[in-house]
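Asks: need a 3D model of the sequence below.
(6 chains)
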There are 4 protein chains.
Amino acid sequence: MTTSRATSTRYQQQHQRAIAAAASVFAKKGFHGATTQDIANEMGIQQGSLYYYFDSKEAALEEVCLFALRDYLSRMEVLATQPGSITNKLGKAIQSHLASYRTHHEAMKVHNEQRLYLADTRREQLKTLGSRYRELLEQLFSAGVKDGSLNPQLDCRFSARSLIGLCNYWGVMLLRDTRLDIEDIGARCLELTLQGSLPPRIEQHL
Amino acid sequence: MTTSRATSTRYQQQHQRAIAAAASVFAKKGFHGATTQDIANEMGIQQGSLYYYFDSKEAALEEVCLFALRDYLSRMEVLATQPGSITNKLGKAIQSHLASYRTHHEAMKVHNEQRLYLADTRREQLKTLGSRYRELLEQLFSAGVKDGSLNPQLDCRFSARSLIGLCNYWGVMLLRDTRLDIEDIGARCLELTLQGSLPPRIEQHL
Amino acid sequence: MTTSRATSTRYQQQHQRAIAAAASVFAKKGFHGATTQDIANEMGIQQGSLYYYFDSKEAALEEVCLFALRDYLSRMEVLATQPGSITNKLGKAIQSHLASYRTHHEAMKVHNEQRLYLADTRREQLKTLGSRYRELLEQLFSAGVKDGSLNPQLDCRFSARSLIGLCNYWGVMLLRDTRLDIEDIGARCLELTLQGSLPPRIEQHL
Amino acid sequence: MTTSRATSTRYQQQHQRAIAAAASVFAKKGFHGATTQDIANEMGIQQGSLYYYFDSKEAALEEVCLFALRDYLSRMEVLATQPGSITNKLGKAIQSHLASYRTHHEAMKVHNEQRLYLADTRREQLKTLGSRYRELLEQLFSAGVKDGSLNPQLDCRFSARSLIGLCNYWGVMLLRDTRLDIEDIGARCLELTLQGSLPPRIEQHL
DNA sequence: AATGAATGAGCATTCATTCAT
DNA sequence: TATGAATGAATGCTCATTCAT
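Replies: Model prediction:
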């Protein structure tokens, strides 16, 4: 067992705590509105000590965004390869998307709202991961079109992006109002996505 | 005609330019990331002169948000009272919502993303206007349910909010990518909202 | 008469005071040992106000060095074109060099001891001016060799540089010990440079 | 043989390496511009470990200066008591002075340029050693005057200090430009000191 | 003999705001 | 109406130093 900084258990634990603290503070105050003092307070350490875990405030933002996006994407990758009907998979994707807002300390919100404040060089990896997510979701719609369970006229790119916009909207609402029920919101989002608002079809595909 | 500050034509013109400049800068850099110097540069005046038009940076944010919301709401009020089918009105509401992103110097984006940085006292009016907008939209859905043109099971509150989330998502995309066509995006948003993604019904209600 | 920042009398006066204050502080504490607070105190303004006159601490160092070198060089340029014997001109060059330590608020000392802490891009102009000074001095020696008043074997480049080293050494001593007499030191430097330390020649060339 | 800290061979070796590392770093960046991290990096140890060898950063500077000055002085002491002509001894003193710049890891440069940043209490010993060096050199000139090999009018104090200034100037040049030849520079310094720049005497004393 | 973690004071720089003119 | 000058508080970041292990 090595005890170098990168692999030290103590270091890794504190590093994770630092990311969580930064996520929480950035979510509340925004990147520019938050201070490194805020983050240090949230962690219970001195301001200067924060720099043992982050190279800079901007690096902290990058780490928060990556943390959110990696987990979010990995669940989607798993989901995409599993068996099941398209509508079923879409429902699970929505649930997973919404759940990440509740379980990841606001990191998702930070990613969505603050990532544009990162310098271009820091955003490259995020862009790659984000594109991959959109692609996977788009493929889900495409598969549904191909197997006849979705409308053949569907613009899958538009649909995938709209679903992301919808989930992000409700994800933020979930953070703001903890009384909202994730499963309920998720079910409604799925229904809207599939059925729209018109009166029901005679023959139901759900 | 008096020439006092409030009613001077020159003053009012410059004041409008100041709001537009602030909107543009806040949209690009966020409230905390923007400086009064940035806004002054955008207007072509000195930093100190800005205080002739705004009491403070936060007051500038408030004015930008109010500017966006008032216009946005007023168009909705007009729309609500006019004759026409529900689906038709929904289409016009979507178009109006998206259009405000293109015609109002990013003020809508600022409202959506930065209004939370305002002190509570400054947000009250915004909350009122915002609630009113949501209500009007919700009433549109309710009316559709009542007259049979929408699904009787519809949760109108959820639908109205989802539509707002959807339009805000695409509104930001419209700002970011000027090649996107507003009318096209609007039409697709309406279709998604009404039809969802399932294969078309035998008897079409559009 | 314009009143733009660069040409405003008030601005220029304060700017000059800022350079003098920075020179004094850098001379005493070194570039890295000095704080912007020290400089502001020396000027009697607030620390933040200093940035109205300097872009950065490093820019202040650059200005101090340029200030010293420009004046120092300009006197040498004048001297070089004036009539008189070489030995006479050398004496005047020495006096001028030493005098700049007493009349320029330690800026010369700062140039000699701190200029290496400037980033390369900031040093270019200084290098040009410094080279020019060395050249002029070297030409003085060369002229002396040519007209027979100096030793034909002389390495003029070495001599010029040695004289600079000598004058800088005594210049710093003049700053440190105000009882030392500039003219006396200058005369001795000239004598050493011309005569060395051996017993006098039978036939004197002075 | 005890193995206590002070006499442990391992400790002494590392201590010497620490002094050399500090000398190198201080020479490059100046005392205030250098960090203890820089010194630790140069040695290949951790920052905290440095405090096993130095009580403080300032103590490190003191040790570097003492290291330089002791060696430099001891060679002069030896030289002073050895037989030979004055001019011969002067030549050796110059060589020794210049050589210390090349062989002692820039410690001499640090002594000359950074010792003023030491607190007064830490500088006392340095002052004593420095004065002793100047004295020895002055005595060399005095002896030359007495035995008739140097100019009877010579101000020996001025000459000794000037020679130190000259050697320090060229010493730094030797560090900066490794292509310069020590013996060549030394010979020219001696010649300048003895002969000056006038045409040669009829009867040469070298 | 050496290290990793943490500290806390200090520093350069930024910036919203004020105000005399 | 507008500006130039100044302020002073805040902030990101650095760094010498300490100490348990």
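
Asks: burial of A:Arg161, as a residue count?
Replies: Using other Cβ atoms under 10 Å in any protein chain shown, A:Arg161 has 18 other residues around it. For the C-beta atoms, the positions are set from N, CA and C on the backbone; glycine is no exception.

Asks: who's in contact with it?
Replies: Shown in contact with A:Arg161 (Cβ atoms under 8 Å, 6 or more residues apart in numbering or on different chains): A:Arg134, B:Tyr169, B:Met173.

Asks: so which bits of stretch A:109-129 are buried?
Replies: A:109-115, A:117-118, A:122-123, A:126, A:129 (16 or more other Cβ atoms under 10 Å in any protein chain shown).

Asks: in helices, which of those residues fall?
Replies: A:Lys109, A:Val110, A:His111, A:Asn112, A:Glu113, A:Gln114, A:Arg122, A:Arg123, A:Leu126, A:Leu129 (DSSP state H).

Asks: which residue packs closest to A:Ser159, ignoring adjacent ones?
Replies: Closest residue to A:Ser159 apart from its sequence neighbours, by Cβ to Cβ, 6 or more residues apart in numbering or on different chains: A:Phe141 at 5.0 Å.

Asks: and the helix or strand harbouring the one you found, what's its mean pLDDT?
Replies: Take DSSP states H and E as the rule and A:Phe141 turns out to sit in helix A:120-146. Mean pLDDT, helix A:120-146: 95.

Asks: any residue of it touching DNA strand F?
Replies: No. Against DNA strand F, helix A:120-146 shows no contacts by Cβ under 7 Å from any atom of the strand, the least distance being 12.1 Å.

Asks: grab the nearest non-local neighbour of A:Cys167.
Replies: Spatial nearest neighbour of A:Cys167, excluding adjacent residues (Cβ to Cβ, 6+ apart): A:His97 at 4.2 Å.

Asks: before we move on, back to that, quick one: the residue nearest to A:Ser159 from B:Ala18, how far?
Replies: Separation of A:Phe141 from B:Ala18 (Cβ to Cβ, to the nearest Å): 45 Å.

Asks: related to what we said a few turns ago, now for the buried residues of stretch A:109-129, which pair is the farthest apart?
Replies: A:Lys109 and A:Arg122 (18.4 Å; Cβ to Cβ).

Asks: any weak-confidence spans in chain A?
Replies: Residues of chain A that meet the criterion pLDDT under 70 lie in A:1-4, A:6, A:201-206.

Asks: where along it do the strands fall?
Replies: Along chain A, no stretch is classed among the strands by DSSP state E.

Asks: count residues in the vicinity of the residue of it found nearest DNA strand E, would you?
Replies: Nearest residue of chain A to DNA strand E: A:Gly48, at 2.3 Å (Cβ to the nearest atom of the strand). For A:Gly48, the neighbour count with other Cβ under 10 Å is 9.

Asks: and what of A:Arg10?
Replies: A:Arg10 has 9 nearby residues by other Cβ under 10 Å.

Asks: for it, give its distance to D:Ile45.
Replies: For A:Arg10, the distance to D:Ile45 equals 21 Å [Cβ to Cβ].

Asks: quote the end-to-end distance of stretch A:40-47.
Replies: Start to finish, the residues bounding stretch A:40-47 are 5 Å apart (Cα to Cα, to the nearest Å).

Asks: so A:Leu61 sits right up against A:Tyr117, yeah?
Replies: Yes. Assessed by Cβ atoms under 8 Å, A:Leu61 is found in contact with A:Tyr117 at 6.9 Å.

Asks: joint contacts of those two?
Replies: Residues touching both A:Leu61 and A:Tyr117 by Cβ under 8 Å, 6+ apart: A:Phe31.

Asks: quick one: the helices in chain A, in order.
Replies: With DSSP H as the criterion, chain A has helices at A:9-29, A:36-43, A:57-81, A:86-103, A:107-114, A:120-146, A:156-176, A:182-195.

Asks: and the fourth one, what does it pack against?
Replies: When you say that, I think you mean helix A:86-103. In terms of contacts (3 or more Cβ pairs under 8 Å, 6 or more residues apart in numbering or on different chains; DSSP states H and E), helix A:86-103 is packed against helix A:57-81, helix A:107-114, helix A:120-146, helix A:156-176, helix A:182-195.

Asks: please state the offset of that helix from the chain centre?
Replies: Centroid separation for helix A:86-103 versus its chain: 10 Å, with Cα atoms, centre = their mean, to the nearest Å.

Asks: what angle do it and helix A:57-81 make?
Replies: Relative orientation of helix A:86-103 versus helix A:57-81 (axes from the mean of the first three to the mean of the last three Cα atoms, to 10 degrees): 150 degrees.

Asks: please apply the same query to the first one.
Replies: Using the same axes, to 10 degrees, the inter-axis angle of helix A:9-29 relative to helix A:57-81 is 90 degrees.

Asks: name the residues of helix A:9-29 that are buried.
Replies: Result for helix A:9-29 [16+ other Cβ under 10 Å]: buried residues A:14-15, A:18-28.

Asks: just the residues you listed now: which is nearest chain C?
Replies: Among the buried residues of helix A:9-29, A:Val25 lies closest to chain C (Cβ to the nearest Cβ), at 26.7 Å.

Asks: who's in contact with the closest one?
Replies: By Cβ under 8 Å, 6+ apart, the residues touching A:Val25 are A:Ala34, A:Asp38, A:Ile39, A:Glu42.

Asks: what parts of chain A come near DNA strand F?
Replies: Residues of chain A found near DNA strand F (Cβ under 7 Å from any atom of the strand) are A:Ala34, A:Thr35, A:Thr36, A:Gln37, A:Gln47, A:Gly48, A:Tyr51, A:Ser56, A:Lys57, A:Glu58.

Asks: count of residues packed around the residue lying closest to the fifth one once chain neighbours are set aside?
Replies: It refers to A:Gln47. Excluding its sequence neighbours, the residue lying closest to A:Gln47 (Cβ to Cβ, 6+ apart) is A:Ala40, at 4.4 Å. By other Cβ under 10 Å, the residues close to A:Ala40 number 19.

Asks: I'd assumed A:Tyr51 was in contact with A:Ala40.
Replies: No. Using Cβ under 8 Å, A:Ala40 is not in contact with A:Tyr51; the gap is 9.7 Å.

Asks: how about chain A: which residue is closest to chain D?
Replies: Closest residue of chain A to chain D, Cβ to the nearest Cβ: A:Arg5 (10.5 Å).

Asks: distance-wise, check the nearest residue to that residue once chain neighbours are set aside relative to A:His105.
Replies: Ranked by Cβ to Cβ, 6+ apart and with sequence neighbours excluded, the top spatial neighbour of A:Arg5 is A:Tyr11, at 5.5 Å. Shown here: A:Tyr11 relative to A:His105, a distance of 20 Å by Cβ to Cβ.

Asks: now swap in A:Leu174 and tell me
Replies: From A:Leu174 across to A:His105, the span is 13 Å (Cβ to Cβ).

Asks: same check on A:Glu191?
Replies: Going from A:Glu191 to A:His105 by Cβ to Cβ gives 29 Å.

Asks: quick one: terminal-to-terminal distance for stretch A:144-156?
Replies: Stretch A:144-156 has an end-to-end distance of 10 Å (Cα to Cα).

Asks: that one and chain B in contact?
Replies: Yes. Stretch A:144-156 is in contact with chain B by Cβ under 8 Å from any Cβ of the partner chain, via A:Gly144, A:Gly148, A:Ser149, A:Leu150, A:Asn151, A:Pro152, A:Gln153, A:Leu154, A:Asp155.

Asks: phi, psi of the third one?
Replies: Per-residue torsions, A:Ser149: phi -80, psi -10 (degrees, to the nearest 10).

Asks: gap between it and D:Cys189?
Replies: Remark: distance between A:Ser149 and D:Cys189 (Cβ to Cβ) = 94 Å.

Asks: tell me which of these two has more neighbours.
Replies: Higher neighbour count among A:Ser149 and D:Cys189: D:Cys189, with 24 against 18, using other Cβ under 10 Å.
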